[in-house]
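# give the three-dimensional model of this entry:
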Amino acid sequence: MLASTQKGIIIHTATDLGAPGPNYDTGWGLMNTQAAAELIDADAASDSLPHIKEAFLPDGEVIEFKVKATGTEPLKVTICWTDPAGNPPGNLLDPPNAMLVNDLDLRILQGVTDFEPWVMNPANPAAAATDGDNDIDNVEQVLINNPTAGTEYTIRVNHKGSLVNDQGNSFGQMVSLVISGNEVEDAPSFEIVELDKTGANEYTLQFESVVGARYQLETSTDLETFTPVGGVINAIREVVAEPTSAPAANTKRFWRNIRLDD
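The predicted model follows:
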């Protein structure tokens with residue numbers, strides 16, 4: 001697991017203390033090791049990564065997928081990421097300077113309703129957390145206390161500005177997602193279901209994917225020897241559309257798709 005995944009699981013499964021949500025007295029609550037272990041076990045029992053995902057969010061892109069609420073418990077989603085180092089202020093007591101570099105945003109959507117993450121007011125630390133746009137923390141959590149059983153909710157992670165790496169260059173951000181209160185569904189077949197010709201020798205291959213899983217397209221002219229084509233695909237949507245090419249000199253061209261974490 002990424003360090004951000006471990007942190008996200010601990011926060012997600014903690015026993016809340018005090019007012020609902022995070023607060024300046026008790027943080028995210030009391031660590032609940034049993035709940036964390038049970039969530040990890042439940043995720044490992046399925047091939048669809050239903051509760052724990054690690055995904056790479058490229059600059060300018062959006063992670064988006066649907067879940068169905070069980071209706072028997074709150075629907076809760078937590079994201080956590082290891083942010084590049086910011087520029088610290090000088091020696092001050094409790095400086096209010098914002099340090100976030102890559103500002104990711106978590107939302108749960110249902111119909112015309114956008115559910116927003118917890119936010120706290122550092123100018124009023126005694127106040128209870130509310131929901132809103134969090135542009136301070138590298139942890140965000142959305143909680144829906146009474147979701148409708150069997151209803152689809154869309155989980156979306158996007159970002160403000162540009163995503164950069166530790167050197168300040170445009171890149172992307174690994175993000176950990178932890179989910180509970182959702183139905184566990186089987187992973188879709190990752191076979192190629194559509195091939196569209198987009199140019200003389202250019203094609204787009206489409207396949208259904210598990211968000212957070214990694215895939216590799218391979219190609220062959222004889223169905224005997226396959227070679228990788230393109231780089232590793234980090235799925236951030238439920239349907240992947242991947243561009244590829246086939247030289248005109250080949251009278252036959254075959255593709256197949258491999259899930260790398262199988």
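# CA atoms for contacts and neighbours, from now on please.
Noted.
# okay, now Gly212: neighbour count?
Using other Cα atoms under 10 Å, the number of residues around Gly212 comes to 24.
# now swap in Ile144 and tell me
Ile144: 16 neighbours (other Cα under 10 Å).
# isn't it right up against Lys76?
Yes - if you go by Cα atoms under 8 Å, Ile144 and Lys76 touch, sitting 6.3 Å apart.
# do a quick rundown of the helices in the stretch 101-250 of the chain.
For the stretch 101-250 of the chain, applying DSSP state H, counting those that start in this stretch gives no helices.
# give me the low-pLDDT residue ranges for it?
Within the stretch 101-250 of the chain, the set of residues satisfying pLDDT under 70 comprises 250.
# strands along that one, start to end?
In the stretch 101-250 of the chain, the strands defined using DSSP state E, counting those that start in this stretch lie at 104-110, 113-115, 118-119, 130-131, 139-144, 152-159, 172-180, 192-197, 202-208, 214-220, 227-228, 233-234, 239-245.
# the inter-axis angle of the last one versus strand 202-208?
Okay, so that is strand 239-245. 160 degrees (axes from the mean of the first three to the mean of the last three Cα atoms, to 10 degrees).
# now do the buried residues in strand 239-245.
240-241, 244-245 (16 or more other Cα atoms under 10 Å).
# that one: what's the following helix or strand?
Next helix or strand after strand 239-245 toward the C-terminus (DSSP states H and E): strand 254-259.
# for that next one, packing partners?
Counting contacts by 3 or more Cα pairs under 8 Å, 6 or more residues apart in numbering; DSSP states H and E, strand 254-259 packs against strand 214-220.
# who does the strand it packs on pair up with?
Using DSSP bridges, strand 214-220 pairs in its sheet with strand 227-228 (antiparallel), strand 233-234 (antiparallel), strand 254-259 (antiparallel).
# any residues touching that strand, and which ones?
Residues outside strand 214-220 that contact it (Cα atoms under 8 Å, 6 or more residues apart in numbering): 226-235, 253-261.
# distance from the chain centre to it, please.
With Cα atoms, centre = their mean, to the nearest Å as the basis, strand 214-220 stands 22 Å off its chain's centre.
# now stretch 225-237
Remark: stretch 225-237 is offset 19 Å from the chain centroid, using Cα atoms, centre = their mean.
# what are the buried residues along it?
The neighbour-count check on stretch 225-237 (16+ other Cα under 10 Å) flags 233-237 as buried.
# let's have the residues you listed in CSV, adding distance to Lys160.
Output for the buried residues of stretch 225-237, formatted as CSV (distance: Cα to Cα, whole Å):
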residue, distance to Lys160
Ile233, 23
Asn234, 21
Ala235, 21
Ile236, 17
Arg237, 19
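# for Asp25, state which of those residues is nearest.
Distances from Asp25 to the buried residues of stretch 225-237, taken as Cα to Cα, are shortest for Ile236 (35.6 Å).
# what sits against the closest one?
Ile236 makes contact with 55-57, 62-65, 211-212 under the criterion Cα under 8 Å, 6+ apart.
# narrow these to those in strands?
55-57, 63-65 (DSSP state E).
# distance to Ala98, neighbour count and pLDDT for those - can I get that in JSON lines?
Formatted as JSON lines, these follow (distance: Cα to Cα, whole Å; neighbours: other Cα atoms under 10 Å; pLDDT from 0 to 100):
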{"residue": "Ala55", "distance to Ala98": "25", "neighbour count": "19", "pLDDT": "97"}
{"residue": "Phe56", "distance to Ala98": "24", "neighbour count": "19", "pLDDT": "97"}
{"residue": "Leu57", "distance to Ala98": "22", "neighbour count": "22", "pLDDT": "98"}
{"residue": "Ile63", "distance to Ala98": "25", "neighbour count": "21", "pLDDT": "98"}
{"residue": "Glu64", "distance to Ala98": "27", "neighbour count": "17", "pLDDT": "98"}
{"residue": "Phe65", "distance to Ala98": "30", "neighbour count": "18", "pLDDT": "98"}
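# okay if I get those residues as CSV plus distance to Gly161?
Output for the ones in strands among the contacts of Ile236, formatted as CSV (distance: Cα to Cα, whole Å):
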residue, distance to Gly161
Ala55, 19
Phe56, 17
Leu57, 13
Ile63, 16
Glu64, 18
Phe65, 22
